[in-house]
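S.K.: this one's sequence-less:
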């Protein structure tokens, strides 16, 4: 309840600020974020559109609009707004990361790889982009590239479970069953739900080697 009250107080302050300075894109944006936090999505959408009208280079507002449309199940519109975010601000890594993720969800793997590679060029610590890239490489059969992307993710965050899961898949593809088993166990120990079929494939491969 306290959090909701604080949010309402914050919203009220932003509205007061806008009354005296309605052309401030940052204030519209901050108000939109607060409204999203309370799941008042239509009001938030209005504020993000106002933010863009006042500050066309405010790339974060485009991404937030994308999030609203994704929440509604409209993936195409989410992709559209993220594409606009990287046009609004050159080198905007979050936009490229989202584009890569969305393209991958739609099966456009090569397009996903291009966007994700840009994301990590512009932000070399973008762990989610590295992990999504490792998944995309697996889908293209680029196993060594997938392993490298996962390793780079683990250099940023040594206990990132999805990276260990992807390494398990990649090493099984390479025939390195011991490494696959080790990485699957590490992912499990970190609370990640490794696919039962992957665990079974590793178990069968280990039995075949015994």
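M.R.: Cool, the structure landed. Just so we're clear, the structure is a prediction, and the values are computed from it rather than from any experiment.
S.K.: neighbours around residue 76, how many?
M.R.: By the criterion of other CB atoms under 10 Å, residue 76 has 9 neighbours. Glycine gets a C-beta too; all of them are placed from N, C-alpha and C.
S.K.: for residue 58, see how far away it is.
M.R.: 22 Å (CB to CB, to the nearest Å).
S.K.: next, the buried residues of stretch 190-200.
M.R.: 192, 194, 198, 199 (16 or more other CB atoms under 10 Å).
S.K.: residue contacts, residue 102?
M.R.: Residues near residue 102 by CB atoms under 8 Å, 6 or more residues apart in numbering: 75, 78, 79, 82.
S.K.: swap in 6 Å and give it another go.
M.R.: residue 79 (CB atoms under 6 Å, 6 or more residues apart in numbering).
S.K.: the helix or strand encompassing it: how far from the chain's middle?
M.R.: With secondary structure defined by DSSP states H and E, residue 102 is part of helix 93-105. Relative to the centre of its chain, helix 93-105 is centred 7 Å away, using CA atoms, centre = their mean, to the nearest Å.
S.K.: mean confidence for that helix?
M.R.: Helix 93-105 carries an average pLDDT of 97.
S.K.: next, the buried residues of it.
M.R.: 93, 94, 95, 96, 97, 98, 99, 100, 101, 102, 103, 104.
S.K.: please consider this matter closed, and thank you.
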